[in-house]
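> Attaching a predicted model along with its sequence, questions to come.
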Amino acid sequence: MSTILFDKIVFGPIHSRRLGVSLGINLLPVDGKLCSFNCIYCECGLNETHRTRTALPTREEVKEALIEKLASMQKEGIAPDVITFAGNGEPTIHPKFAGIIDDTIEVRNRFFPKAKIAVLSNATQIDKEEVFQALNKIEDNILKLDSVLDSRIQQLDCPNSPSFTFEKLLKGLKRFQGNLIIQTMFLKGEYQGKSVDNTTEKEITGWLNALKEIKPKQVMIYTIDRETPVKGLRKASPEEMEAIAEKARKEGFNVTVSL
C-alpha cells in the first residue's frame, strides 16, 4: 500500500489540485501520522499503522524552517501562491497552533506578501477559542464536511472523539459567519461489508441545506486521487461530481471540482 508522509516541517512547493503552487507546512511528527480523524480514504494511511515516535516540531523550529525556505525561494525567484498547513495529520492539534499562525503571517508578509495562507483542517478543534481566532486570521480557512449523517461521518472520517457529531460540527462552522471554505470528499464503494456512498440524493440534499446555514465563501469538492488505505473505495465519476457542483452553484455557491 502506498502512503504519503512528509519527512520535513516545510515541504514543496508542490502543485496542488485545489490551491496552485503550494508550500506545505507539517506541524506533526515526521515519522508517522497524528490525527483526530482516521479517514478510510486518507493518503497518509490509517493512524494505527503509522504511529509516531518523535515529538511535534516546536514553534521556533517551524518559524526557522519557514524563513529558511522562503528566503531560498525568494533568491530563486519562485513565488508560492499559498502557504498550506497540511502534512501528516490534523495541524490544529498542535498546542502552539495559534502562535505559529501569527509567526507565519509575519514571515509571509516579509517575503511574499501576496501569498495566501491556507489551513486544511477536519474542524475537530474549532471549539477551542484560540484555534477559532487563528483560523479567522488567514485567507483560506478550509474545513471538512464529508456528510451530514453521523453514521456516515463515523464510517468515512472515524473521529477519535465519541462526542464529535454533525450537530456540533454545524454549530462550529456557522460561527465563522461565512469566513471559511468547505471541503467535501465524495466517494463510493464498500467497507466492512457496508456500502460507502455519500453521493446519494438524501445526503446531497442534506449537504446543500447545511451549506445554506454555513454560508461559506467557497466550496471545494474532490474525490479520491491516490491509493487509499482501505480497499474497495472508488472515485465518484466526473459526471457525478459535476452534477453535485451544479446543484450547489444553483444555490449561489462558488464551487470548485477536483477529480
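Nice, thanks for sending it over. Numbers count the residues shown, from 1 in each chain.
> Please make it C-alpha for all contacts and neighbour counts, starting now.
Fine.
> For F85, give me its contacts.
G24, I25, N26, L27, P91, A118, V119, L120 (C-alpha atoms under 8 Å, 6 or more residues apart in numbering).
> Tell me, how many residues neighbour Q192?
Using other C-alpha atoms under 10 Å, Q192 has 10 neighbouring residues.
> My error: substitute K168 in the last question.
By other C-alpha under 10 Å, neighbour count at K168 equals 12.
> buried sites along whichever strand or helix holds it?
In this structure, K168 sits in helix 166-174 according to DSSP states H and E. Within helix 166-174, the residues scored as buried using 16 or more other C-alpha atoms under 10 Å are F166, L169, L170, G172, L173, K174.
> Not counting sequence-adjacent ones, nearest residue to the fifth one?
What that stands for is L173. Nearest residue to L173 in three dimensions, chain neighbours excluded: I214, at 6.1 Å (C-alpha to C-alpha, 6 or more residues apart in numbering).
> Need the residues that contact the helix or strand of the chain with the lowest mean pLDDT.
Least confident helix or strand of the chain, by mean pLDDT, DSSP states H and E, is strand 10-16 with a mean of 88. Contacting residues not belonging to strand 10-16 are listed as V21, S22, L23, G24, I25, N26, V62, A65, L66, K69, P80 [C-alpha under 8 Å, 6+ apart].
> Show me the contact partners of the helix holding K168.
Applying C-alpha under 8 Å, 6+ apart, the contact partners of helix 166-174 are 123-124, 126-127, 147-150, 153, 210, 213-215.
> For burial, what's the neighbour tally of K250?
9.
> quick one: contacts for it?
Applying C-alpha under 8 Å, 6+ apart, no residues contact K250.
> any idea how far E201 is from it?
To E201, K250 is 16 Å away according to C-alpha to C-alpha, to the nearest Å.
> Then N136?
32 Å.
> Please identify which of these two sits among more neighbours.
Using other C-alpha under 10 Å, the more surrounded residue of N136 and E201 is N136, with 14 against 10.
> Make sure the more buried one is actually in contact with R175.
No - N136 lies out of contact with R175 (C-alpha atoms under 8 Å); the separation is 10.5 Å.
> Okay, strands next: where are they in the stretch 51-200 of the chain?
82-85, 116-121, 140-144, 181-185, 187-191, 194-197 (DSSP state E, counting those that start in this stretch).
> so which of the ones you listed gets nearest G206?
Checking the strands of the stretch 51-200 of the chain against G206 by C-alpha to C-alpha gives strand 181-185 as the closest, at 13.0 Å.
> wait, L259 sits on I224?
Yes - between L259 and I224 there is a contact under C-alpha under 8 Å: 7.4 Å.
> Could you check which of the two has the larger neighbour count?
Taking neighbours as other C-alpha under 10 Å, L259 and I224 compare with I224 leading, 19 against 14.
> State the distance from the more buried one to Y191.
Here I224 is placed at a distance of 15 Å from Y191 (C-alpha to C-alpha).
> same deal with S72?
When S72 is compared with Y191 (using C-alpha to C-alpha), they lie 45 Å apart.
> between those two, which one's more packed in?
Neighbour comparison, S72 and Y191: the larger count goes to Y191, with 15 against 12 (by other C-alpha under 10 Å).
> Which residue ranges of the stretch 51-200 of the chain form helices?
Taking DSSP state H, counting those that start in this stretch as the criterion, the stretch 51-200 of the chain carries its helices at 59-76, 97-111, 129-135, 150-156, 166-174.
> Those into a markdown table, with extra columns for mean pLDDT?
Formatted as a markdown table, these follow (pLDDT from 0 to 100):
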| stretch | mean pLDDT |
| --- | --- |
| helix 59-76 | 98 |
| helix 97-111 | 98 |
| helix 129-135 | 98 |
| helix 150-156 | 97 |
| helix 166-174 | 98 |
